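Peer 1: attaching a predicted model along with its sequence, questions to come.
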Amino acid sequence: MKLSVIGCGYLGAVHAASMAKLGHEVVGIDVDERKIAALATGVAPFFEPGLNEILADQLESGRLRFTTDFAAADDAEVHFIAVGTPQKHGENAADLTYVNAAIRSLLPHLSVGDLVVGKSTVPVGTAARLSRVITDSGSGAALAWNPEFLREGFAVEDTIAPDRLVYGLPAEGLDTVLSASERAAADTPAARAKAQLDEVYAVAIANDTPVVVADYATAELVKVSANAFLATKISFINAMAEIAEVTGADVTKLADAIGYDARIGRRFLNAGVGFGGGCLPKDIRAFSARAEELGRGESVAFLKEVDAINLRRRERLVELVVAALGGQAYEKKVAVLGLAFKPDSDDIRDSPALDIAVRLKGLGADVVATDPEAIENSRRLHPQLAFTQDVDEALTGADAVVLVTEWKQFRQLDPVRVAGLVARPVIIDGRNCLDAAAWRAAGWEYRGFGRP
Ligand code: UDX
């Protein structure tokens, strides 16, 4: 199929490359010339394992190209909207400026029978509004909402082989599609949209990927409620860590034990410095804001607590580091291991790790931070911090070490060898990812997070 992808950030660039890999002919469109120039040479403007290889292959195959010219969408039949919906400045709500602008720029290039497919995470009600905009334009195109659940670090894999597909379809004809009767093939906007999406995702569907067909509101809510659930799961275990800290219990053992219950599950129960990134924090805030607009703020009032628990972990970690430094961080050298919000990413949006480095620096500590991929982005935002790519250099002479992103390189550090580099062998494991016994045996004062 001929596809266009509007917005070539994290979501869009991965989507465009993955769709080309699946055999579609794809044009990626973005207003950011630098981003497009980089992508056109096969270089993603962010770190995502495996993506550059796919970009290079697909550009070479001729199935993938990138441009700033919206006219390139003329030839495409299905148009994905993959622009960002960041948090509004000083507010919890999502900023829809880019979504609205993308639709406006796309409208003159739509033809009868085209399908616009929203992938961006939006407040419930947005798709219905945009559908009216598209209908009123007289373009003859329709809209579907098809949320994306990709995780950074596994983005290509999650796009090519998703664990489910969700289609939010136009109201007209939706009943017939949902009843899955023979008449589902009837020529209605919902049936046509479903057929087009089925063709886009033919490979995943052939591999038995479940498809959930729904109305717009359900599709929009699936995405935000999935992220709200994941954030709640992390904050739940972090709340247990807070209790563990005052009782001498071990939150990692607790997570293992409750995780054996299949209804609970062990995944996303890692206590530590909490969640960050470009999705979970802003999505739960936008969800709260939207629920309040709808007069149902109380239904998701718990998300404010989820956010508060998450942010408290950062304060608590800083307290632990200061305590480990003898109550005073001023002019003490602290090695901060990690800046990205999670491993295998250079993303520092709302990163707990970077926040910890900044807070410690604010207390007068001599912070030296290291991260395999996120130094450049961090330096741009916080030039006051000292950075080094060399982990040994960060550790040399440190009065305390704090691990805040669980990169493999950090998990595999040899406690015996690195004990020789630091001034004082004190480590605070903000991700509970190190072998406490091994570090203690090597002479370190090891402090877990929510563990004795
Ligand atoms: C998330 C969702 O997982 C994904 O489905 C959605 O499409 C986008 O948002 P992502 O932001 O890439 O994906 O990161 P994720 O792997 O979910 O991690 C989010 C944050 O939670 C990270 O900061 C991570 O360190 C933290 N986390 C995760 C924990 O603190 N504990 C855990 O047990 C799991």
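Peer 2: Structure's in. What do you need? Numbering: from 1, shown residues only.
Peer 1: what does the chain have sitting close to the ligand?
Peer 2: 149-152, 227, 230, 234, 268-270, 272, 274-277, 279-280, 341-342 (C-beta under 6 Å from any ligand atom). From N, CA and C alone the C-beta is placed, and that goes for glycine too.
Peer 1: OK, now which residue of the stretch 351-452 of the chain is nearest to the ligand?
Peer 2: Closest approach of the stretch 351-452 of the chain to the ligand (C-beta to the nearest ligand atom) occurs at residue 352, with a separation of 6.5 Å.
Peer 1: that residue: what's it in contact with?
Peer 2: For residue 352, the contacting residues are 273-276, 313-314, 341, 404, 430, by C-beta atoms under 8 Å, 6 or more residues apart in numbering.
Peer 1: and the residue nearest the centre of this protein?
Peer 2: By C-alpha atoms, centre = their mean, the chain has its centre lying nearest to residue 279, at 4.5 Å.
Peer 1: out of everything not next to it in sequence, what's closest to that residue?
Peer 2: Closest residue in space to residue 279, ignoring its immediate chain neighbours: residue 227 at 5.9 Å, by C-beta to C-beta, 6 or more residues apart in numbering.
Peer 1: was I right about that neighbour contacting residue 284?
Peer 2: Yes: between residue 227 and residue 284 there is a contact under C-beta atoms under 8 Å: 6.7 Å.
Peer 1: who has more neighbours out of these two?
Peer 2: Using other C-beta atoms under 10 Å as the criterion, residue 227 and residue 284 rank with residue 284 on top: 27 against 22.
Peer 1: distance of residue 173 from the ligand?
Peer 2: Residue 173 sits 29 Å away from the ligand, going by C-beta to the nearest ligand atom, to the nearest Å.
Peer 1: before we move on, back to that, quick one, phi psi at the residue nearest to the centre of the chain?
Peer 2: Note on residue 279: its backbone torsions stand at phi -120, psi -70 [degrees, to the nearest 10].
Peer 1: these two touch, right, residue 84 and residue 120?
Peer 2: Yes: counting by C-beta under 8 Å, residue 84 touches residue 120, with 7.0 Å between them.
Peer 1: what residues are shared contacts of those two?
Peer 2: Residues touching both residue 84 and residue 120 by C-beta under 8 Å, 6+ apart: 7, 11, 98.
Peer 1: show me the contacts for the second one.
Peer 2: Yep, that's residue 11 we're talking about. Residue 11 touches 82, 84, 119-120, 148, 150, counting by C-beta under 8 Å, 6+ apart.
Peer 1: let's see it at 7 Å
Peer 2: 82, 119, 148 (C-beta atoms under 7 Å, 6 or more residues apart in numbering).
Peer 1: repeat for the first one
Peer 2: Residues counted as contacts of residue 7 (C-beta under 7 Å, 6+ apart) are 30, 81-83, 98, 102.
Peer 1: looking at those residues, which are in strands?
Peer 2: If you go by DSSP state E, the contacts of residue 7 have residue 81 in strands.
Peer 1: in JSON lines: the contacts of residue 352, plus pLDDT, neighbour count and secondary structure.
Peer 2: Shown next, in JSON lines, are the contacts of residue 352 (pLDDT from 0 to 100; neighbours: other C-beta atoms under 10 Å; DSSP: H, G, I helix; E, B strand; the rest coil):
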{"residue": "273", "pLDDT": "98", "neighbour count": "30", "secondary structure": "coil"}
{"residue": "274", "pLDDT": "98", "neighbour count": "30", "secondary structure": "coil"}
{"residue": "275", "pLDDT": "98", "neighbour count": "26", "secondary structure": "coil"}
{"residue": "276", "pLDDT": "98", "neighbour count": "23", "secondary structure": "coil"}
{"residue": "313", "pLDDT": "98", "neighbour count": "25", "secondary structure": "helix"}
{"residue": "314", "pLDDT": "98", "neighbour count": "20", "secondary structure": "helix"}
{"residue": "341", "pLDDT": "98", "neighbour count": "29", "secondary structure": "coil"}
{"residue": "404", "pLDDT": "98", "neighbour count": "29", "secondary structure": "coil"}
{"residue": "430", "pLDDT": "98", "neighbour count": "31", "secondary structure": "coil"}
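Peer 1: with the residues you listed in mind, which one is nearest to residue 188?
Peer 2: Nearest to residue 188 among those: residue 275, at 40.8 Å, using C-beta to C-beta.
Peer 1: give me the nearest residue to that closest one, chain neighbours excluded.
Peer 2: Counting by C-beta to C-beta, 6+ apart, residue 275 lies nearest to residue 234, which is 5.0 Å off, once chain neighbours are set aside.
Peer 1: what's the helix or strand for that neighbour?
Peer 2: helix 216-247 (DSSP states H and E).
Peer 1: that helix: how far from the chain's middle?
Peer 2: Distance of helix 216-247 from the chain centroid (C-alpha atoms, centre = their mean, to the nearest Å) equals 14 Å.
Peer 1: check which helices and strands it is in contact with.
Peer 2: When contacts are defined as 3 or more C-beta pairs under 7 Å, 6 or more residues apart in numbering; DSSP states H and E, helix 216-247 packs onto helix 126-136, strand 142-145, strand 165-169, helix 251-259, helix 280-293, helix 302-324.
Peer 1: where does residue 105 sit: helix, strand or coil?
Peer 2: Of the three states, residue 105 takes helix under DSSP: H, G, I helix; E, B strand; the rest coil.
Peer 1: that one against residue 69, yeah?
Peer 2: No: the pair residue 105 / residue 69 is not scored as a contact, 10.2 Å apart, by C-beta atoms under 7 Å.
Peer 1: domains for this structure, by residue range?
Peer 2: Here the domain parsing of the chain from automatic domain parsing is 2-209, 223-307, 313-447.
Peer 1: leaving out sequence neighbours, find the closest residue to residue 309.
Peer 2: Nearest to residue 309 is residue 235, by C-beta to C-beta, 6+ apart, at 4.2 Å.
Peer 1: equivalent analysis for residue 422, please.
Peer 2: Residue 422 sits nearest to residue 398 (C-beta to C-beta, 6+ apart), 4.6 Å away.
Peer 1: who touches that neighbour in this structure?
Peer 2: Applying C-beta under 7 Å, 6+ apart to residue 398 gives the contacts 333-335, 422-423.
Peer 1: now do the SS call for it.
Peer 2: Of the three states, residue 398 takes coil under three-state DSSP.
Peer 1: could you measure the closest residue to residue 411 other than its chain neighbours against residue 103, distance?
Peer 2: Spatial nearest neighbour of residue 411, excluding adjacent residues (C-beta to C-beta, 6+ apart): residue 433 at 5.3 Å. Using C-beta to C-beta, to the nearest Å, we find residue 433 at a distance of 43 Å from residue 103.
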